[in-house]
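>>> Predicted model and sequence below, questions to follow.
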Amino acid sequence: MHPPSRKDYISISLAGQGTYNNGKQWRRQSCWRKWKQLSRLQRSLILLFLFMCGIASYPAVTEHLRGLTDGERSTESNSVLRPIFPQKKLSNKRGPPILQNRLQKKGNGTVTVEEKKEKGEAEGVISWRGAVVDTDKDTEEAKDGESKDHLLANHKSGSSNQSEASLLEAVKDAFRHAWQGYKDFAWGHDELRPLSKSYSEWFGLGLTLIDALDTMWILGLKEEFEEARTWVATELTFNKNVDVNLFESTIRILGGLLSTYHLTGDTMFLDKAKDIGSRLMPAFNTPSKIPYSDVNIGKGTAHPPRWTSDSTVAEVTSIQLEFRELSRLTQDPQYQDAVAEVMKQVHKLDGKLDGLVPMFINTNNGQFTHQGIFTLGARADSYYEYLLKQWIQGGKKEDQLLEDYVQAIEGVKKNLLQKSSPNGLTFVGELSHGQFSPKMDHLVCFLPGTLALGAHHGLPADHMDLAKQLMETCYQMYIQMETGLSPEIVHFNMHEGSIRDIDVKLADRHNLLRPETVESLFYMYRFTKDHKYQDWGWNILQNFNKYTKVSSGGYTSINNVRDPDYTSPRDKMESFFLGETLKYLYLLFSDDPSLISLDEYVFNTEAHPLPIWPSTA
Ligand code: DMJ
């Protein structure tokens with residue numbers, strides 16, 4: 001018998017035999033028979049073809065589809081223009097295998113500057129609506145990329161003064177660059193728009209300048225500080241018919257002025273603080289004494305947002321450090337009384353879950369609204385931070401604040417803490433009417449630092465253990481992205497067999513130059529002296545320089561941390577980049593624990609240090 005002749009083509013015949021009941025089985029057998037009849041070459045070609053299809057479609061397509069099916073159509077301009085397979089680089093460069101390698105190789109997920117050089121990551125340009133923005137390739141790459149790499153290596157092994165000085169200088173360089181942009185294009189206005197070389201107004205009160213005052217003082221930038229001081233003394237007026245947000249103006253303006261007064265002893269700043277503080281007080285004239293969100297500081301009127309009579313829980317419970325301090329300095333109890341009343345009411349309210357609070361509170365009846373939703377992210381975050389920090393500010397005497405804080409941390413552990421798959425990253429998710437969501441805002445990354453601060457002030461040691469785990473997670477939120485910068489929100493995978501721990505939806509890919517992770521790195525380094533935290537901060541600073549620095553001055557928020565070639569800048573430098581992010585980076589690189597000692601100062605939620613009250617007992 002002759003063997004059947006080999007075919008060099010593939011024929012596919014449609015199944016037409018078999019009953020309905022055994023159809024599946026028949027099709028399987030038929031396929032298998034056809035497969036066996038193919039030559040080895042034919043089988044190899046088919047397998048190769050299938051393999052290539054798999055590589056090309058994963059993970060970009062699945063992610064793209066998931067974003068759409070979740071109903072999350074991005075408003076980002078780049079999402080419209082982005083090529084179909086924007087993630088090719090990710091799957092090759094920063095996918096789960098690399099995470100595993102890093103965890104195994106370094107034991108801590110650190111990417112050293114040397115590693116980045118080996119990987120040959122290109123110093124990018126930022127393109128924005130057709131414009132090409134030089135990200136200071138020549139200056140920064142040469143300075144930071146080469147000499148700082150070398151210094152960091154020294155620093156890690158020896159922590160020499162020389163390398164510490166260089167790291168500090170790198171932050172000063174970044175600050176000077178940001179400040180130059182603000183000075184040239186936005187002087188006296190709220191925020192720099194670095195690409196359009198203009199500015200945007202929020203309150204029309206020189207927000208960036210005020211937020212940056214104490215940073216300049218701490219960084220020792222005397223010339224810059226003096227220019228800014230002159231503007232505050234001669235130009236800043238609060239007698240303006242303008243609506244301001246109570247929380248934002250308290251933490252940035254009142255907090256910034258009080259802190260600068262303490263650091264400098266210059267009473268001009270205290271006078272300005274008193275002025276804005278008293279102009280904010282009408283916000284508390286509500287039926288419930290829970291303040292409205294907005295105040296007109298010129299007219300002395302206050303109101304909630306147009307669409308609701310609710311205020312945000314984090315906002316009404318994160319103004320206490322500043323108003324309490326204002327009362328102490330002025331000997332006028334009205335400020336402290338107003339914010340203490342809010343805490344007293346929130347303490348007693350129904351609707352909490354194991355110390356966790358909902359996100360909204362009604363200014364008419366003083367009750368929580370939108371109950372059943374719990375997060376450590378936006379709208380609730382700094383409630384927890386200020387429980388601990390008020391307790392510290394007041395000399396650790398106000399037991400109710402401490403009890404609420406400790407109970408809330410237990411509530412986090414019980415209800416919101418989970419581990420991701422495959423690498424077991426500890427994260428804080430959200431709860432909605434009993435349903436857990438593995439969503440975590442970058443804002444939550446304040447928590448490792450706050451937990452560490454609590455442990456430093458005598459709270460249980462397991463708070464520090466949790467801080468370390470969450471710190472690792474927050475850093476992974478940076479290094480697993482193609483730009484090495486964290487997105488605004490991540491989702492963790494929890495099901496067994498996941499191939500990567502972190503997913504990012506299309507609408508969540510932006511980075512606003514936020515401080516929370518470097519804030520926590522600062523606390524972790526202060527308390528542990530583990531240099532890996534400095535390394536992590538250094539990597540983050542490098543990536544801010546690489547992807548957000550605008551050559552004509554300033555840094556910009558970006559829309560897309562997942563595509564180094566198309567970051568899609570937003571043309572905005574938030575005031576907290578100077579007020580917080582760069583300040584915490586500077587303090588992280590300093591080995592001097594007396595530079596804003598954490599036994600003498602407590603930082604408000606905008607990174608403005610306020611004194612811990614001296615004990616009168
Ligand atoms: C800052 O204004 C404060 O840190 C606030 O508590 C949260 N949001 C920004 C920074 O991300």
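Okay, I see it. Numbers count the residues shown, from 1 in each chain.

>>> and S200, bridged to which residues?
E191 (DSSP bridges).

>>> pLDDT weak spots in the chain?
1-44, 46, 48-162, 617 (pLDDT under 70).

>>> Enumerate the residues of it near the ligand.
Residues of the chain lying close to the ligand (Cβ under 6 Å from any ligand atom) are 382, 443, 514-515, 576, 580, 605-606. All C-beta atoms are positioned from the backbone trio N, CA, C, and that covers glycine.

>>> The residue minimising distance to the centre of the chain: what's it in contact with?
When Cα atoms, centre = their mean is applied to the chain, the residue found nearest the centroid is H442 (3.6 Å). By Cβ atoms under 8 Å, 6 or more residues apart in numbering, the contact set of H442 is 474, 477, 486-490, 514, 516-517.

>>> now it, nearest residue through space, not along the chain?
Spatial nearest neighbour of H442, excluding adjacent residues (Cβ to Cβ, 6 or more residues apart in numbering): S486 at 5.1 Å.

>>> what secondary structure does the one you found sit in?
coil (DSSP: H, G, I helix; E, B strand; the rest coil).

>>> if I read this right, it contacts Y478, doesn't it?
Yes: in this structure S486 lies within contact range of Y478 using Cβ atoms under 8 Å: 4.7 Å.

>>> For G188, see how far away G204 is.
Applying Cβ to Cβ, to the nearest Å, the value for G204 to G188 is 9 Å.

>>> again with K389
Here the criterion is Cβ to Cβ. By it, K389 lies 31 Å from G188.

>>> Which residues outside the helix or strand hosting V295 are in contact with it?
According to DSSP states H and E, V295 maps onto strand 294-296. For strand 294-296, contacts defined as Cβ under 8 Å, 6+ apart pick out 241-246, 249, 279-280, 282-283, 301-305.

>>> now do 7 Å
Here strand 294-296 makes contact (Cβ atoms under 7 Å, 6 or more residues apart in numbering) with 241-246, 280, 282-283, 302-303, 305.

>>> now swap in stretch 266-285 and tell me
For stretch 266-285, using Cβ under 7 Å, 6+ apart, the contacting residues are 232-233, 236, 238, 246, 249-250, 253-254, 257-258, 260-261, 291-292, 295, 297, 300-302, 323, 326, 329-330, 334-335, 338.

>>> let's go with 6 Å and repeat that
Contact with stretch 266-285 is made by 233, 238, 246, 253-254, 257-258, 260-261, 291-292, 295, 297, 300, 302, 326, 338, as judged by Cβ atoms under 6 Å, 6 or more residues apart in numbering.

>>> who does the lengthiest helix in the chain touch, helix- and strand-wise?
Ranked by number of residues, the top helix in the chain under DSSP state H is helix 161-185. With contacts taken as 3 or more Cβ pairs under 6 Å, 6 or more residues apart in numbering; DSSP states H and E, helix 161-185 sits against helix 148-158, helix 207-219, helix 582-589.

>>> Do a quick rundown of the strands in the stretch 351-500 of the chain.
360-362, 368-369, 373-374, 417-419, 426-428, 430-432, 435-437, 439-441, 489-492 (DSSP state E, counting those that start in this stretch).

>>> What does E606 show for phi and psi?
phi -110, psi 20 (degrees, to the nearest 10).

>>> how close does Q367 get to V346?
As for Q367, its distance to V346 is 11 Å (criterion: Cβ to Cβ).

>>> same deal with A165?
For A165 relative to V346 (Cβ to Cβ), the value is 45 Å.

>>> higher neighbour count, the two?
V346 (20 against 13; other Cβ atoms under 10 Å).

>>> what's the closest non-adjacent residue to I596?
Spatial nearest neighbour of I596, chain neighbours left out: P609 (5.0 Å); criterion: Cβ to Cβ, 6+ apart.

>>> ok, now T208?
Nearest to T208 is S575, by Cβ to Cβ, 6+ apart, at 4.2 Å.

>>> Can you give me the distance of that neighbour to E341?
From S575 to E341 the distance is 29 Å (Cβ to Cβ).

>>> Likewise for L207?
Distance from L207 to E341, by Cβ to Cβ: 28 Å.

>>> Whichever residue of the stretch 401-550 of the chain sits closest to the ligand: how many residues sit nearby?
With Cβ to the nearest ligand atom as the measure, R514 is the residue of the stretch 401-550 of the chain nearest to the ligand, at 4.0 Å. Here the count is done by other Cβ under 10 Å, and R514 has 23 residues near it.

>>> Next, it: secondary structure please.
coil.

>>> What separation do you get for it and E606?
Separation of R514 from E606 (Cβ to Cβ): 12 Å.

>>> what does the longest helix of the chain contact?
148, 151, 154-155, 192, 194, 197-198, 208, 219, 224, 553-555, 578, 582, 585-586, 589, 591.

>>> How about the contacts made by the residue of the stretch 401-550 of the chain closest to the ligand?
Shown in contact with R514 (Cβ under 6 Å, 6+ apart): H442.

>>> Apart from its chain neighbours, what residue comes closest to K396?
Nearest to K396 is H457, by Cβ to Cβ, 6+ apart, at 6.8 Å.

>>> Report how many residues lie close to that neighbour.
17.

>>> Ok, D503 next?
18.

>>> cool, and S594?
Neighbours of S594 under the rule other Cβ under 10 Å: 8.

>>> What of the one 3 residues further on?
Residue crowding around S597 was assessed by other Cβ under 10 Å; the count is 12.

>>> which residues touch it?
Contacts of S597 by Cβ under 6 Å, 6+ apart: none found.

>>> How much space separates it from F446?
20 Å.

>>> Could you do V171 as well?
20 Å.

>>> before we move on, what about T517?
9 Å.

>>> and D350, which of the three is it?
coil.

>>> burial measure for it, as a count.
7.

>>> go on, the one 10 residues further on?
Neighbouring residues of F360 were enumerated by other Cβ under 10 Å; the total is 21.

>>> That one against T369, yeah?
Yes: F360 is within contact range of T369, at 4.5 Å (criterion: Cβ atoms under 6 Å).

>>> which neighbours do the two share?
Contacts common to F360 and T369, judged by Cβ under 6 Å, 6+ apart, are D310.
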